[in-house]
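Visitor: Take this sequence and fold it.
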Amino acid sequence: MVTPLDKVRNVGIIAHIDAGKTTTTERILYYTGKKHKIGEVHDGAAEMDWMEQEQERGITITSAATTCFWKDHHFNIIDTPGHVDFTIEVERSLKVLDGAVTVFSSSDGVQPQTETVWRQADKYGVPRMCFVNKIDKIGANFDACVESIKSKLSPDAVAIQFPHGESSDFKGVVNLINMKYYTFEGDNGEKQVEQDMPAELQDEAKTRRETMIDALSLFDDELAEKFLGWEEISDEIVKRAIRSGVIANALYPVMVGSALKNAWVQLLLDAVVDFMPNPLDVGSIKWIDPDDTEKKLERKPSDDQPVSALAFKIMTDPFVGTLTFVRVYSGVIKSGDSLLNPVTGNKERVGRLLLMHSNKREEITEVRAGHIAAFLGLKDVHTGHTLCDQKDSILLESMDFPDPVIQLAVEPKSKKDQERMGIALSKLAQEDPSFTYRTDEESNQTIIAGMGELHLDIIVDRMKREYKVEVETGKPQVAYREAITQSATGEGKFTRQTGGRGQYGHVLLRIEPLTDSEENYIFEPEIKWGVIPNEFIPAIDKGAKETMAQGILAWYPIIDVKVVPYDGSYHDVDSSEVAFKIATFQAFKDAFSKAGGQILEPIMDVEVTTPEDYVGDVMGDISGRRGMIQWQENKGQFTLINAKIPLAEMFGYSTDLRSATQGRASYSMHFASYEAVPKNISEEIIKERVEAGKVRQMDA
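Guide: Numbers count the residues shown, from 1 in each chain. Okay, the predicted model is just below:
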């Protein structure tokens with residue numbers, strides 16, 4: 001059966017960790033008939049948390065896709081992680097989604113990772129709805145949560161429902177669109193009961209509805225006229241206005257319920273149908289001509305258009321091999337088709353097409369415009385690559401991936417493990433663009449790098465379980481960087497005579513700090529009058545890049561530098577690219593010594609939620625970790641403490657925090673910025689690196 005595009009919804013579930021995303025998704029699957037038994041996250045039985053690591057930890061690690069139907073509408077749903085270490089999963093999901101449901105814990109409001117995923121949705125222009133979950137939880141406060149959304153995320157959030165009672169007094173929900181009262185009956189809330197408004201809620205409902213209508217008047221002229229004329233406004237007009245505001249990404253309707261208690265999720269499904277955009281609403285996607293990147297192209301979301309699709313996730317399945325998750329924007333792709341990957345220039349043959357339900361698979365023969373499916377058989381396709389018609393090539397802008405902030409040395413326990421480790425690391429890096437690995441040239445150790453301790457812990461665990469690789473790990477290492485604080489000039493000259501043809505390269509350059517640029521490196525030669533022939537300019541550029549990659553102070557990569565070669569000399573016979581690369585290194589090193597070189601460290605934005613009894617201990621511990629308290633806020637019996645803390649001081653923090661608060665406090669953190677390391681610590685870092693270098697030289 002082919003579902004018309006206006007009845008397709010590609011929706012993501014996004015939120016901070018433990019707000020109830022996966023629990024909400026489980027209820028959606030149950031009420032849409034996709035599954036017949038509700039699985040609970042806390043029991044390790046949630047359908048969407050299929051990885052062993054997810055079931056053991058009770059958290060979502062990888063985004064999981066599923067398909068279901070509600071009132072003749074086809075839903076493609078992606079449940080995303082809430083932990084900051086796996087934010088890449090949210091990033092690449094939002095790239096291909098048409099809308100998102102942001103889930104909030106009613107007692108916590110906007111939390112740090114909620115702000116992160118909200119910014120990611122802003123980046124890709126994804127329309128959103130808000131679902132205030134856990135309204136039955138102790139400390140629940142719907143109005144405070146809505147105000148938190150308005151003040152921290154967007155003033156355009158508008159409540160279209162409100163709860164009757166909160167915490168243990170929670171009884172039902174008032175729908176401000178039709179002014180009806182809803183409760184749910186049955187063992188799992190299967191029966192939705194619509195009732196007239198209770199008398200004690202009518203005045204409050206009327207006031208709240210006026211506030212809602214006032215906000216909606218911006219999106220519908222007819223509604224605005226009726227509102228100003230005190231005329232009755234039909235439910236259809238209200239829904240039309242909400243839909244217009246949502247599709248314009250200028251309105252964020254707020255709903256309320258309790259997914260764990262099986263209540264009000266059906267109303268959320270109705271709202272996705274009524275308000276979330278379909279592929280036709282999103283309209284034509286802006287593409288690029290591969291032969292002329294300045295030229296913008298458009299493809300309509302239609303089966304009749306040439307094929308254009310985006311690979312947004314790679315997953316290794318132990319039974320069928322590498323799965324490539326693809327969003328099709330136009331055209332129809334059938335199993336056996338050959339497509340072009342304009343990024344690599346290679347042709348890719350589609351083996352099998354699969355409709356995914358978490359880690360379960362359903363084979364299909366074709367996938368049409370506006371839909372998401374998994375492809376088997378693609379050879380050289382990575383996250384962010386485009387797939388298109390061979391005769392009508394087109395390119396979608398790829399995704400930006402964050403740089404890793406933490407690294408770890410891993411060593412195989414045996415020769416057999418060594419052979420397997422290379423395969424495992426290659427497959428894991430293909431799946432996860434925020435994970436990288438390399439071989440340290442001096443120590444010959446394998447270094448893996450990721451977004452946090454938990455991220456690398458999961459990587460190592462997956463190597464052991466999925467790829468049967470036993471490894472030993474070293475102490476986590478911080479991904480420090482080097483930078484300059486002022487402009488400076490330097491000179492480098494490399495000469496060598498060997499009896500035959502010699503080597504000669506002479507470079508004078510200036511380096512300048514980049515402060516407001518989005519670029520990490522800018523090369524801007526000012527060579528005049530041919531003092532250095534144009535053929536050697538690329539060698540200077542390459543030499544500068546290689547110098548920045550290896551570092552100078554303590555062999556950490558240098559960032560945010562503009563390199564301006566402005567003078568030099570050459571020899572008609574002896575000059576070579578190698579000579580100019582070496583001369584550039586010498587000139588860069590000379591300039592760096594005068595430019596106030598310093599080591600930078602990653603600073604994390606940390607938010608701790610702790611019972612009031614332990615506030616003093618928590619703040620004292622933060623200070624002891626070189627942390628700076630930014631603000632604190634009382635939340636009932638708990639206190640929120642926000643601080644900036646160097647990543648180097650955060651190793652083992654979860655254990656220390658649990659110990660200091662009897663396991664009652666929790667925290668989250670995400671990367672904030674790079675800042676200069678204090679001088680005494682910088683000297684220690686340099687000393688350690690130099691000593692390590694001496695040891696490596698002796699070993700060699």
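Visitor: which regions of the stretch 151-300 of the chain lie under the pLDDT threshold?
Guide: Low-confidence segments of the stretch 151-300 of the chain (pLDDT under 70): none present.
Visitor: hey, where'd the helices end up in it?
Guide: 202-216, 221-228, 235-247, 265-275, 279-282 (DSSP state H, counting those that start in this stretch).
Visitor: Need the ones you listed in JSON lines (columns: distance to residue 196 and mean neighbour count).
Guide: C-beta: built from backbone N, CA, C; applies to glycine. Listed next are the helices of the stretch 151-300 of the chain as JSON lines, based on distance: least, C-beta to C-beta, whole Å; neighbours: other C-beta atoms under 10 Å:
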{"stretch": "helix 202-216", "distance to residue 196": "10", "mean neighbour count": "16"}
{"stretch": "helix 221-228", "distance to residue 196": "23", "mean neighbour count": "15"}
{"stretch": "helix 235-247", "distance to residue 196": "15", "mean neighbour count": "19"}
{"stretch": "helix 265-275", "distance to residue 196": "17", "mean neighbour count": "20"}
{"stretch": "helix 279-282", "distance to residue 196": "34", "mean neighbour count": "19"}
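Visitor: Quick one: those as TSV, columns for distance to residue 424 too.
Guide: Below are those laid out as TSV (distance: least, C-beta to C-beta, whole Å):
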stretch	distance to residue 424
helix 202-216	52
helix 221-228	58
helix 235-247	43
helix 265-275	39
helix 279-282	37
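Visitor: To residue 464, which of the ones you listed lies closest?
Guide: Evaluated with C-beta to C-beta, these place helix 265-275 nearest to residue 464, the distance being 37.0 Å.
Visitor: Helix 235-247 and the closest one, what's the angle between them?
Guide: 80 degrees (axes from the mean of the first three to the mean of the last three C-alpha atoms, to 10 degrees).
Visitor: what sits up against helix 265-275?
Guide: Outside helix 265-275, the residues that touch it by C-beta atoms under 8 Å, 6 or more residues apart in numbering are 9, 11, 24, 27-28, 31-32, 70-71, 73, 75, 99, 101, 129, 131, 160-161, 173, 175, 182, 184, 189, 192, 239, 242-243, 246, 253, 255, 257, 259.
Visitor: Just give me how far it sits from the chain centre.
Guide: Distance of helix 265-275 from the chain centroid (C-alpha atoms, centre = their mean, to the nearest Å) equals 26 Å.
Visitor: Next: stretch 659-672.
Guide: 21 Å.
Visitor: Show the residue spans covered by the helices in the stretch 301-450 of the chain.
Guide: 415-431.
Visitor: so where's it uncertain?
Guide: Within the stretch 301-450 of the chain, the segments meeting pLDDT under 70 span 318, 358-360, 441-443.
Visitor: if you set the cut-off to 50 instead, what comes out?
Guide: Regions of the stretch 301-450 of the chain meeting the criterion pLDDT under 50 are absent.
Visitor: Enumerate the positions of stretch 514-532 that are buried.
Guide: Residues of stretch 514-532 classed as buried by neighbour count (16 or more other C-beta atoms under 10 Å): 514, 521, 523, 527, 532.
Visitor: pLDDT on that stretch, on average?
Guide: Averaging pLDDT along stretch 514-532 gives 88.
Visitor: Which among the helices of the stretch 151-300 of the chain is found nearest to residue 314?
Guide: helix 279-282 (23.3 Å).
Visitor: For the closest one, which outside residues touch it?
Guide: 5-6, 8, 10, 98, 247, 301, 329, 369-370.
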